[in-house]
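Undergrad: Provide a 3D model corresponding to the input given below.
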Amino acid sequence: MRNDPRSHGLWERSAPPAPATSALKGDLTVDVAIVGGGFTGCSAALHLTDGGASVALLEAAEIGFGGSGRNVGLVNAGMWVMPDDLPGELGEVYGSRLLELLGGAPKTVFDLVERHGIDCEVERQGTLHCAVGQKGLAEITERARQWQARGAPVRLLDAAETTRKVGSTAYAGSLLDERAGTIQPLAYVRGLARAAIAAGARLFTGSAVTGATDEGSHWRLGTAGGTVRAKSVVVATDAYTVGVWPQIRREQVHLPYFNMATVPLGDNVRRSILPERQGVWDTREVLSSFRFDRAGRLVFGSVGALRGTGGPVHRDWGRRALARLFPQLGAVAFEHEWYGMIGMTENNLPSFHRLGRDVVSFSGYNGRGIAPGTVFGRCLADLLLGRIGEADLPLPVTDPADAPRRGLREAYYEVGAQVAHFTGARL
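TA: Numbering: from 1, shown residues only. You can find the predicted model right below:
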């Protein structure tokens, strides 16, 4: 996208084409205007049109341009926060409600893929949260206990079974979440967009919102080429928010994350690494993740940005890290590389905001955008269609609050990841 191979890398090369869209020209009146063409925006558009609403979605760049088209593609349940901690953060009602919603969110994703025939390389073999050392093992043991107490289909695996499933002896154990899986994320969001268009939504790309005016009975959103008048507005820009409603961006600290994809591996090597095709991430603070794509490329990622001095530092680290994890690989070339930004909030949880009269938003996915973004888009549709009330949402309404020392913390994350990788932080 935008002639930058490091923005979406492998995903742009291997995804089916995006649905045909164009920039907004002229004036349009609809029930709901959606700002942002990622998981949340496209899910909201699909569910709103299915419910009978007229919808116009305005995307500044292209469908999936933000985090939706750049991430690893792990379809996980829950958030980073331990399950038992959510009631303490949100209260018993909202904490329990959010856990139930996000626990079932991967199934919602997979059901949509099946219902709409979305070609996005689905693997439903679960994900593995791999423990680095005894500290990591204690963390996943407690996480497993808390999810199992809620009846979730998760299993704690010992080091030997983890070695069999991963193909590496690097880990002290792992947590297998059978609810989860992997997808090709850009292909998935393009599929959601295509399904929304088929249902009657109008999607416009290259249509950045330059202004928003409350006219009393309607909102008027302006772009370079026209305007949209709508009774309600969904703001679904999350970590890639620019321009209008900047408070969404200011409440998040950007954490850079990169991915590199190998050339397609030979059959013998592929059988020895992730033979069941789970997706993996580990318990390190500067974490790593890896999974296969359909063609047999190993997609390997970690915290960091592939720009400036970060490019060579993270590439060198990636080669060394893969050699330590999988000695059977030998020398292997990376065929694609890309990176993006994760929006982190103060409590590592998403937020629901009313940004004005009939202007609503979920944001702050903290690296868990696929499943939460999909179900939050559906929640916003249900709210605006009158199927549920605000009190029925999985999060309470809150006002955006600027993240303290945001610029300093963002620089720390980017430079700190380079230091960790340059000094050879071990897996």
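
Undergrad: next up, phi/psi of the residue most central in space within the chain, please.
TA: Closest to where the C-alpha atoms of the chain average out (C-alpha atoms, centre = their mean) is G369, at 2.5 Å. Per-residue torsions, G369: phi -80, psi -30 (degrees, to the nearest 10).

Undergrad: G41 is in contact with that one, correct?
TA: No. If you go by C-beta atoms under 8 Å, G369 and G41 don't touch, sitting 11.6 Å apart. (Each C-beta comes from the backbone N, C-alpha and C, glycine too.)

Undergrad: next one, pLDDT for the residue nearest to the centre of the chain please.
TA: For G369, the model assigns a pLDDT of 94.

Undergrad: contact partners for it?
TA: The contact partners of G369, by C-beta atoms under 8 Å, 6 or more residues apart in numbering, come to G38, F39, G67, S68, N71, D238.

Undergrad: 6 Å instead, please
TA: F39, G67 (C-beta atoms under 6 Å, 6 or more residues apart in numbering).

Undergrad: so how far is F65 from it?
TA: Noted for G369: a distance of 13 Å to F65, by C-beta to C-beta, to the nearest Å.

Undergrad: swap in A403?
TA: To F65, A403 is 23 Å away according to C-beta to C-beta.

Undergrad: neighbour-wise, which of those two wins?
TA: The residue with more neighbours, out of A403 and F65, is F65; 23 against 20, by other C-beta atoms under 10 Å.

Undergrad: ok, now how distant is that one from D27?
TA: Using C-beta to C-beta, we find F65 at a distance of 25 Å from D27.

Undergrad: mind listing the strands for the stretch 151-300 of the chain?
TA: Per DSSP state E, counting those that start in this stretch, the stretch 151-300 of the chain carries strands over the ranges 154-158, 173-177, 181-182, 202-204, 211-214, 219-222, 226-235, 253-262, 279-282, 288-292, 298-303.

Undergrad: how about the stretch 1-150 of the chain?
TA: According to DSSP E, counting those that start in this stretch, the strands that the stretch 1-150 of the chain contains are 26-35, 55-58, 74-75, 127-131.

Undergrad: grab the nearest non-local neighbour of T345.
TA: The shortest distance from T345 to any non-neighbouring residue, by C-beta to C-beta, 6 or more residues apart in numbering, is to G364 (4.0 Å).

Undergrad: what sits against that neighbour?
TA: G364 makes contacts with Q252, G343, T345, P350, S351, as judged by C-beta under 6 Å, 6+ apart.

Undergrad: in strands, which of the residues you listed fall?
TA: G343, S351 (DSSP state E).

Undergrad: before we move on, back to that, G104 is nearest to which of the strands of the stretch 151-300 of the chain?
TA: For the strands of the stretch 151-300 of the chain, the distance to G104 is smallest for strand 173-177, at 12.4 Å, taking C-beta to C-beta.

Undergrad: that closest one pairs with which strands, and in what direction?
TA: Its sheet considered, strand 173-177 pairs with strand 127-131 (antiparallel), strand 154-158 (antiparallel) by DSSP bridges.

Undergrad: nearest to E335, of those strands?
TA: E335 sits nearest to strand 127-131 of all those, at 23.5 Å, using C-beta to C-beta.

Undergrad: flag the shaky bits of this structure, pLDDT-wise.
TA: 425-427 (pLDDT under 70).

Undergrad: ranges for the helices of it?
TA: Here the chain has its helices, by DSSP state H, at 5-14, 39-50, 86-90, 92-103, 105-116, 133-149, 159-166, 185-199, 247-250, 267-272, 310-325, 370-384, 406-422.

Undergrad: deepest-packed of the ones you listed, please.
TA: When you average the neighbours per residue for each of the helices of the chain (mean count of other C-beta atoms under 10 Å), helix 39-50 leads with a mean of 29.

Undergrad: ok now that one, how far from the chain's centre?
TA: Taking C-alpha atoms, centre = their mean, to the nearest Å, one finds helix 39-50 lying 16 Å from the centre of the chain it belongs to.

Undergrad: what angle do that helix and helix 185-199 make?
TA: Taking axes from the mean of the first three to the mean of the last three C-alpha atoms, to 10 degrees, one finds helix 39-50 and helix 185-199 inclined to each other by 20 degrees.

Undergrad: residues in contact with helix 39-50?
TA: Helix 39-50 has contacts (C-beta under 6 Å, 6+ apart) with 32, 34, 55, 57, 68, 189, 192-193, 195-196, 199-201, 234, 236, 369, 373-374, 376-378, 380-381.

Undergrad: rewinding a little: would you list the contacts of G364 in JSON lines and tack on neighbour count and distance to A295?
TA: Output for those, formatted as JSON lines (neighbours: other C-beta atoms under 10 Å; distance: C-beta to C-beta, whole Å):
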{"residue": "Q252", "neighbour count": "27", "distance to A295": "34"}
{"residue": "G343", "neighbour count": "26", "distance to A295": "30"}
{"residue": "T345", "neighbour count": "18", "distance to A295": "35"}
{"residue": "P350", "neighbour count": "25", "distance to A295": "33"}
{"residue": "S351", "neighbour count": "21", "distance to A295": "38"}
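
Undergrad: looking at the contacts of G364, which is nearest D358?
TA: The shortest approach to D358 among the contacts of G364 belongs to S351, at 17.8 Å (C-beta to C-beta).

Undergrad: looks like the closest one contacts T398 (just checking).
TA: Yes. Contact criterion C-beta atoms under 6 Å: S351 and T398 qualify, at 5.4 Å.

Undergrad: picking that back up, please identify the most buried of the strands paired with strand 173-177.
TA: strand 127-131 (a mean of 27).

Undergrad: what does that strand contact?
TA: With contacts defined as C-beta under 6 Å, 6+ apart, strand 127-131 is touched by 74, 76, 137, 140, 171-177, 180, 278-280, 282-283.
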